[in-house]
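> what's the 3D shape of this:
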Amino acid sequence: METKKPKRKFRLWIKLLVAFILTILILLLYSRFIATSGLVIKEYLVKDENLPEAFYGLKIAHLSDIHYGQTTHIKEIKKIVQRVNETEPDIIVITGDLLDRDMTYSEEDLTSLEKELSKLEASLGKYIIMGNHDFTRDEYNTVISNIGFTNLDDTYQILYKEGMDSILIAGVSTGQKGSGDFSSKVEDALLKIEETSSPYNILILHEPDYIEDFDASKFQLILAGHSHNGQVRFPFLGAVILPPHAKKYYDNYYDLGKSKLYISSGIGTSTIKFRFCNRPSFNLYRLVNQ
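Numbering: from 1, shown residues only. The predicted structure follows:
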């Protein structure tokens, strides 16, 4: 009888080991093939008394970190375009990393991407900025010139509606572009923006932690990407994998006092082709002044 107990214990440990391996395998398969698919729309109501009356109800669709070719292929791009257009946005922004530095794109890949993204519709404007992956791609400038988006890198536009009511939307390219000082670049742009005396300013940037390098209070609404909100998240623990320049600000929303910061969880994957507790998504903001 005594010799059977060690055998039973051994069999129990074997069963537990097999169950553990199967659990890990299922989680990996889920994270790779299921959690990276589908598309969630995260909707936010943004209230600010500075918003001009003519822009009451303004809708902004915010896409980010598509990383085309990783887990987001042309089939997913078509679905994204359909879902975004169904929301009938006034403004569409892409806050960087449309392309991926580790991908090899054929001419057909890029032509298909351009064809589909050019179908995105917005009544007031479509804007894009460069992400740290885009910076490494020679094809980037050609692609964005062919999709009908305004390149808002280190510049701004003033949007008018119903006469003289206006808002300002500004953008800054990735802070990892070149060796120049990021804060100086933004401060120079801020000096020009202050001359416009716009009552409501929107900023789009890629890496959210760079808001520490300039006076973010000049903008009522800041939209960023890069963090993916933590591409892999665990219940109670939150984000467990975060890229550089998204260590302090990485979650969905931060109240910065005079500014509201929203960070997209993105659509694609970077470095590893996994998502967990964080499905692909884009943000939809509806702006009101009361």
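
> what mean pLDDT does the lengthiest helix in the chain have?
Longest helix of the chain, by residue count under DSSP state H: helix 4-29. Mean pLDDT, computed over helix 4-29, is 83.

> now do stretch 76-93
98.

> which residues sit in contact with the spatially most central residue of the chain?
With distances taken as C-alpha atoms, centre = their mean, the residue of the chain nearest its centroid is residue 64 (2.8 Å). Residues near residue 64 by C-beta atoms under 8 Å, 6 or more residues apart in numbering: 94, 95, 96, 97, 131, 224, 225, 226, 264, 266, 267, 282. Just so you know, the C-beta spots here come from the backbone N, C-alpha and C atoms, and that holds for glycine as well.

> Disregarding flanking residues, what is the spatial nearest neighbour of residue 136?
In space, and not counting its chain neighbours, residue 136 is closest to residue 101: 4.2 Å by C-beta to C-beta, 6 or more residues apart in numbering.

> For residue 63, name its beta-bridge partners.
Note on residue 63: beta-bridge partners by DSSP bridges are residue 94.

> And it, how far from residue 12?
Separation of residue 63 from residue 12 (C-beta to C-beta, to the nearest Å): 50 Å.

> So between these two, which is more surrounded?
residue 63 (23 against 10; other C-beta atoms under 10 Å).

> what's the span of stretch 145-152 from first residue to last?
Taking C-alpha to C-alpha, to the nearest Å, stretch 145-152 runs 12 Å from one end to the other.

> try stretch 212-219
By C-alpha to C-alpha, the extent of stretch 212-219 from end to end equals 13 Å.

> tell me the average confidence for that stretch?
Here the average pLDDT along stretch 212-219 is 91.

> list the buried ones in stretch 47-56?
Across stretch 47-56, burial judged by 16 or more other C-beta atoms under 10 Å covers 48, 51, 52, 55.

> just how off-centre is it within its chain?
From the chain centre to the centre of stretch 47-56 is a distance of 24 Å (C-alpha atoms, centre = their mean, to the nearest Å).

> for stretch 120-135, same thing?
Taking the mean of its C-alpha atoms, stretch 120-135 sits 11 Å from the chain's own mean (C-alpha atoms, centre = their mean).

> cool, stretch 246-253 as well?
Averaged C-alpha coordinates place stretch 246-253 at 12 Å from its chain's average position (C-alpha atoms, centre = their mean).

> Residues contacting it, please?
So stretch 246-253 is contacted by 42, 44, 207-209, 211-212, 224, 226-227, 229-230, 238-239, 242, 260-263, 265 (C-beta under 8 Å, 6+ apart).
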